[in-house]
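K.L.:
Below are the sequence and a predicted model for it; my questions follow.
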Amino acid sequence: MTHDELRQLEGARRRALWALASLRLGDPNASDLLAILDDLDDQERNDTPCSDKPLDLIEVRNSVSVMRHNSGIDTILEQTIPQPWRERFHQASIGSTRVPDGPYATDWDKFLTEWQREMQHVKNHRAAQAATS
């Protein structure tokens, strides 16, 4: 997958997740958003070589280097974030404050925590959809 394709895929995922966040469980409008997320997951799976197992959140968190900035703030080295996580973080962080050397480590931690919440929210929507089918 090219960088532009990954950027578009993760931008679409982010928009779908944000839209889904505003819906109550069982809302019929969630089905279209869940279908979009399914399609994006399929695209990602189809582009990943069979030998590459997706990293889980703990592996992703542990792979990223935290650096102490001379201002006293911890930052992360973006190049140590494996794809597609780097692009996911970038899409979720558009407009966030950062230092020239990299994003704040606290923003990275918040992103990972929020990702877990979002994935649970998606799972809850799927369960609600299955219960009404």
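P.N.:
Yep, it's here.

K.L.:
Can you pull out the low-pLDDT segments for this protein?
P.N.:
48-52 (pLDDT under 70).

K.L.:
Please enumerate the strands of it.
P.N.:
For the chain, the strands defined by DSSP state E cover 66-68, 74-76.

K.L.:
and the residue positioned nearest the centre of the chain, how far is that from Leu77?
P.N.:
The geometric centre of the chain, computed from its C-alpha atoms, lies nearest to Arg88 (Cα atoms, centre = their mean), at 4.1 Å. The gap separating Arg88 from Leu77 is 16 Å, by Cβ to Cβ, to the nearest Å. C-betas here are computed from N, CA, C, even on glycine.

K.L.:
Same question for His125.
P.N.:
Where Leu77 is concerned, His125 sits at a distance of 34 Å (Cβ to Cβ).

K.L.:
of these two, who's got more company?
P.N.:
His125 (22 against 13; other Cβ atoms under 10 Å).

K.L.:
thinking that one is in contact with Ala35, fair?
P.N.:
No: His125 is not in contact with Ala35 according to Cβ atoms under 8 Å; the separation is 11.4 Å.

K.L.:
Can you give the distance of stretch 64-76 from its chain's centre?
P.N.:
Centroid separation for stretch 64-76 versus its chain: 22 Å, with Cα atoms, centre = their mean, to the nearest Å.
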